[in-house]
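Trainee: Mind folding the following:
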Amino acid sequence: MVADRPIGHRPADGLLHPVAIGALIVLIVNDQLLKALWPSALTGKLSDVAGLIVAPLALQATWEVGQWLAGRWRGPSMTVLVAAIAIVGAGFAATQVWPAASEAYAVGLGLLQWPFRAIAAWLGGEPGVSAVPVVAVADAEDLLALPALLIPWWMGRARARRGS
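Mentor: I've put the predicted structure just below:
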């Protein structure tokens, strides 16, 4: 299984690229601190761009780890990355222009955050917490962030080239 992988590549190592790490840091700091301190169009756009960089790479990484666990991973795949970019782009666009998609996103992300909030509450000696939808504001102007999807494509292209 491990012997078959391209030298220098491990499943999900696309998330270790400095741009991916930087985007993840921006996303976390912006969403957890800056939006509360300085709510503005800029902090909203920062999250959009950072999320559009990180999300396709995270989706690709999930696929790669699954393939690795199944003993079928053979290196980075541009096909998987392009599919991840398309899924993230379509989902992002839908949440900006379709209220039902925006609501589903708010509930879904709230559910994904719940385990972390529950652990933090437990560690802090607080009573259990329930899943709470995040605040999601549909804004068609946010579609201007979609070109950020070219960044993970560029990163993945270079990664796939090195792996072949």
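
Trainee: Go ahead and name everything in contact with stretch 50-70.
Mentor: Residues outside stretch 50-70 that contact it (C-beta atoms under 8 Å, 6 or more residues apart in numbering): 1, 5, 11-12, 14-15, 17, 19-20, 23-24, 26-27, 30, 73-74, 76-77, 80-81, 84-85, 87-89, 92, 145-146, 148-149, 151-152, 155-156. Glycine gets a C-beta too; all of them are placed from N, C-alpha and C.

Trainee: now swap in stretch 88-102 and tell me
Mentor: 48, 51-52, 55-56, 59, 104-105, 136-140, 142-143, 145-146, 149.

Trainee: circling back: just the buried ones from the contacts of stretch 50-70?
Mentor: 5, 11-12, 14-15, 17, 20, 23-24, 26-27, 30, 73, 76-77, 80-81, 84-85, 88-89, 92, 145-146, 148-149, 151-152, 155-156 (16 or more other C-beta atoms under 10 Å).

Trainee: Who are the contact partners of the residue nearest to V132 when sequence neighbours are not counted?
Mentor: Nearest residue to V132 in three dimensions, chain neighbours excluded: G110, at 5.1 Å (C-beta to C-beta, 6 or more residues apart in numbering). G110 sits next to 131-134 when contact means C-beta under 8 Å, 6+ apart.

Trainee: Mind picking the one among those residues that's closest to A36?
Mentor: Each of those was checked against A36 using C-beta to C-beta; the closest is V134, at 13.2 Å.

Trainee: okay, now W38: neighbour count?
Mentor: W38: 10 surrounding residues under other C-beta atoms under 10 Å.

Trainee: and it, what are its phi and psi?
Mentor: With angles defined as degrees, to the nearest 10, W38 sits at phi -140, psi 70.
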